[in-house]
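Novice: Take a look and give me a structure for this.
(one chain, ligands or ions: 2)
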Amino acid sequence: MHAEIAGAGFAGLTAAIALRRRGWTVRVHEKDPELRAFGAGIYIWENGLRVLHAIGAYDDVLRGAHQAPAYESRRDGEMVSFQPVNGAHPYCVLTMTRQHLYAPILASAQREGVEIVTSSEATAAEPDGILCLADGRRLKADLVIAADGVRSPTRDSLGLPVARRRYQDGIIRVLVERSGLAGGAWDHVIDFWAFSPRVLRILYTPCEDDLLYFAMMAPLEDAAANTLPLDPAIWTKAFPMLAPAIDAIGARGRYDVYETTRLDRWSVGRVAIVGDSAHAMPPTLAQGAGCAMMNALSLAEIVSGTTDIPDALQRWESRERALTDHTQARAAELAHTRELGSGMKWDDVGLRAAHHIPTGSNPDGFARRHERR
Ligand code: FAD
Ligand code: 5PR
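Specialist: Ligands and ions are numbered 1, 2, ... in the order given. Next up, the predicted model:
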């Protein structure tokens, strides 16, 4: 059995590795000339770690990723929630740069013999198992996977109705040196909110290699706070304790608005749509990549051992969709209400995905490692 995959992101590579491990030949097409993750930092909860374990990337991701002892939220200087995480605690979440997550997944794909073609842009897919490329070639496969992200041309070529949303709030994301913010509470994830005199937020995230990931949010109408290069005076006034790191940001940083998608169905014939191309969600629960990787692994598991691919793809969707829809809906609600400003809610409603055992993973083979760096 052979698969052609559009997109070498977290979803495309996860599907590729999982299919190879189940005996498929796999070719992945990446439109960019280079294989690397772009963007700043990322959170991976236990569900994502279980997928990484199932695709042979867990040990390398664990090594050097940050294991925060606690996740806290502070509003106008007051602590509004505090949750010990990692170690022996029921919640497990690692934080890292995106490249730290991407490199071991890519290395595993290469070890497994996944063929990856760079500067290879997919333009369309056809239900009987054809992937069309920008250079005019038409590649035939038993399974075609559209894993080409939120603006997926491969998905769009199928003519499915796509519900898209662009959110009001944008966010500046940046990696910055720790600049002395180390030890004690500085090793925690801290969601800093200021509501008065001005609404501003910095989600403070320690990563590996003594880097911090800052996600900096201001209301859209606050043009001064949303302009790059950012004005350190605005942010240090609200968060004076972060001044050493804010002052080190300089010209770095990227501004993005949240974009989301929702489909009526995740497959047409032999074409599966997976990851952000099917279900991009606001980052408020930090589950976009987690759900993308879970669904990619599950896809490989469910299509293996059958020859009726279209039927298997429908079974895949029936099995996985409810959890993804639930997570996407809750993430959207949090993005609307700014509820996180009153503290993260540590309940099963928001964190159901984090505790899910992904289809295709080995529930007994995965052991959380408790050692700290
Ligand atoms: P992508 O990562 O977008 O990968 C798609 C790939 O396809 C890319 O390599 C792209 O170059 C390639 N491509 C595009 N078009 C083509 C084409 N035509 N042909 C070939 N290749 C193509 N998730 C978490 O789990 N935890 C977090 O902490 C988290 N934080 C986030 C913070 C923000 C601000 C945002 C916006 C998102 C966050 N996410 C987080 C979500 C996460 O980034 C995405 O869900 C995840 O990257 C989706 O993976 P993907 O492989 O589906 O898509
Ligand atoms: N959580 C994470 C995150 O990166 C963001 C949010 C929540 C991990 C933004 O980037 O609330 O927007 C958020």
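
Novice: chain center to the host helix or strand of residue 245: distance?
Specialist: Take DSSP states H and E as the rule and residue 245 turns out to sit in helix 243-249. Distance, stretch centre to chain centre, for helix 243-249: 26 Å (Cα atoms, centre = their mean, to the nearest Å).

Novice: I'd like the average pLDDT over that helix.
Specialist: For helix 243-249, the mean per-residue pLDDT is 97.

Novice: packing partners for it?
Specialist: Packing partners of helix 243-249 (3 or more Cβ pairs under 8 Å, 6 or more residues apart in numbering; DSSP states H and E): strand 162-177, strand 211-218, helix 232-238. In this view, the C-beta of every residue, glycine as well, is placed from N, C-alpha and C.

Novice: Residue 102 should be in a strand, yeah?
Specialist: No - counting by DSSP: H, G, I helix; E, B strand; the rest coil, residue 102 is not part of a strand but helix.

Novice: Would you state the helices of the stretch 51-200 of the chain in chain order?
Specialist: 58-62, 98-112, 153-156 (DSSP state H, counting those that start in this stretch).

Novice: Format those helices as a markdown table; extra columns: distance to residue 255 and mean pLDDT.
Specialist: Formatted as a markdown table, the helices of the stretch 51-200 of the chain follow (distance: least, Cβ to Cβ, whole Å; pLDDT from 0 to 100):
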| stretch | distance to residue 255 | mean pLDDT |
| --- | --- | --- |
| helix 58-62 | 28 | 96 |
| helix 98-112 | 17 | 98 |
| helix 153-156 | 24 | 98 |
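
Novice: Deepest-packed of those, please.
Specialist: Greatest average neighbour count among these goes to helix 153-156 (a mean of 22), per mean count of other Cβ atoms under 10 Å.

Novice: just how off-centre is that helix within its chain?
Specialist: 20 Å.

Novice: Over to the residue in the stretch 1-150 of the chain positioned nearest to ligand 2: give its phi and psi.
Specialist: Using Cβ to the nearest ligand atom, the single residue of the stretch 1-150 of the chain nearest to ligand 2 is residue 43, 4.4 Å away. With angles defined as degrees, to the nearest 10, residue 43 sits at phi -100, psi 130.

Novice: quick one: it from ligand 1, how far?
Specialist: Separation of residue 43 from ligand 1 (Cβ to the nearest ligand atom, to the nearest Å) stands at 4 Å.

Novice: gap between the nearest residue to that residue once chain neighbours are set aside and residue 203?
Specialist: Leaving out its chain neighbours, the residue that sits closest to residue 43 by Cβ to Cβ, 6 or more residues apart in numbering is residue 286, at 3.8 Å. Distance, residue 286 to residue 203, using Cβ to Cβ, to the nearest Å: 10 Å.

Novice: Let me see the contact set for the residue lying closest to residue 306 once chain neighbours are set aside.
Specialist: Leaving out its chain neighbours, the residue that sits closest to residue 306 by Cβ to Cβ, 6+ apart is residue 312, at 4.9 Å. Residues near residue 312 by Cβ atoms under 8 Å, 6 or more residues apart in numbering: 302, 303, 306.

Novice: And residue 312, what's its pLDDT?
Specialist: For residue 312, the model assigns a pLDDT of 98.

Novice: show me what contacts residue 210?
Specialist: Applying Cβ under 8 Å, 6+ apart to residue 210 gives the contacts 177, 178, 182.

Novice: Kindly recompute the last result at 7 Å.
Specialist: Neighbour list for residue 210: 177, 178 [criterion: Cβ atoms under 7 Å, 6 or more residues apart in numbering].
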